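> Okay, structure incoming, though there's no sequence with it:
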């Protein structure tokens, strides 16, 4: 599949179905969404910064390509916001698709107004320092999930999932199969009967009926 085909497919797939087919072991938990309802899809440009310092985020912004998602390892420190409205505006101008931040964000109203995808641990009005050091395009840790440069990043109302490019085609196929299976379950639920095969199969397997 081409990147365009992958993008089109991922636009129709919820993160929950991706997560289920990654054995429910992969994905980022613990971040809040600050932008509204727009879905986040793109490839990771990773940056690791000193807690509370965004100097190397500035550098990463100049290196990004349209379609990138800036994934920021801020070590989970929330004493200072790492990005705000000005960085968001420049990222939009550069063609970034969104931010995933293991740290804090500020100017959250601007992200909501712009609809620019942003996931972060929390909000903090205190701005960052600009001293460094940092690293770009290295493996980073976001809430316990390792994200590598070039990984696919998908975010929606349920959170953020990342995965390696070589998993994309198989994962998409499995997720679409999950969606088809769930459509069948929804139809069964709509029949209004107590007995539901999908439910009773699980109960019987665990000797609860």
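Structure received. Remember, predicted model here, so these are calculated numbers, not experimental data.
> use CA for all of it now, contacts and neighbours both
Will do.
> and the end-to-end length of stretch 127-135?
Taking Cα to Cα, to the nearest Å, stretch 127-135 runs 20 Å from one end to the other.
> ok, now stretch 183-201?
This stretch, stretch 183-201, spans 17 Å end to end (Cα to Cα).
> which outside residues touch that stretch?
Stretch 183-201 is contacted from outside by residue 209, using Cα atoms under 8 Å, 6 or more residues apart in numbering.
> Buried residues, that stretch. List them.
residue 189 (16 or more other Cα atoms under 10 Å).
> Quick check: residue 160 is in a strand.
Yes - using DSSP: H, G, I helix; E, B strand; the rest coil, the secondary structure at residue 160 is a strand.
> Quick check: the gap between it and residue 19.
Residue 160 is 9 Å from residue 19, by Cα to Cα.
> Looking at those two, which is more packed in?
Each of residue 160 and residue 19 has its neighbours counted (other Cα atoms under 10 Å); residue 160 has more, 26 against 20.
> what is the more buried one paired to in the beta sheet?
The partner list for residue 160 in beta bridges (DSSP bridges) reads residue 28, residue 155.
> Please parse this protein into its domains.
3-165, 171-205 (automatic domain parsing).
> just those: most buried one?
domain 3-165 (a mean of 20; mean count of other Cα atoms under 10 Å).
> What segments of the protein are helices?
3-10, 15-20, 55-63, 85-94, 108-114, 168-189, 197-205 (DSSP state H).
> partners of residue 40 in the sheet?
residue 155.
> residues in contact with it?
97-98, 117, 153-156.
> Can you redo the residues you listed as JSON lines, where the extra columns are distance to residue 166?
As requested, these are exported to JSON lines (distance: Cα to Cα, whole Å):
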{"residue": "97", "distance to residue 166": "21"}
{"residue": "98", "distance to residue 166": "22"}
{"residue": "117", "distance to residue 166": "25"}
{"residue": "153", "distance to residue 166": "13"}
{"residue": "154", "distance to residue 166": "15"}
{"residue": "155", "distance to residue 166": "19"}
{"residue": "156", "distance to residue 166": "22"}
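> would you list the residues you listed in TSV and tack on pLDDT and distance to residue 126?
Converted to TSV, those look like this (pLDDT from 0 to 100; distance: Cα to Cα, whole Å):
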residue	pLDDT	distance to residue 126
97	98	25
98	98	21
117	98	21
153	98	28
154	98	28
155	98	26
156	97	27
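> Pull the residues that contact stretch 144-161.
With Cα under 8 Å, 6+ apart as the test, stretch 144-161 has contacts from 10, 14-16, 18-19, 26-29, 31-33, 37-46, 69, 71, 137-141, 162-165.
> rank the domains of the chain by pLDDT, which is bottom?
Ranked by mean pLDDT, the domains of the chain bottom out at domain 171-205, with a mean of 92.
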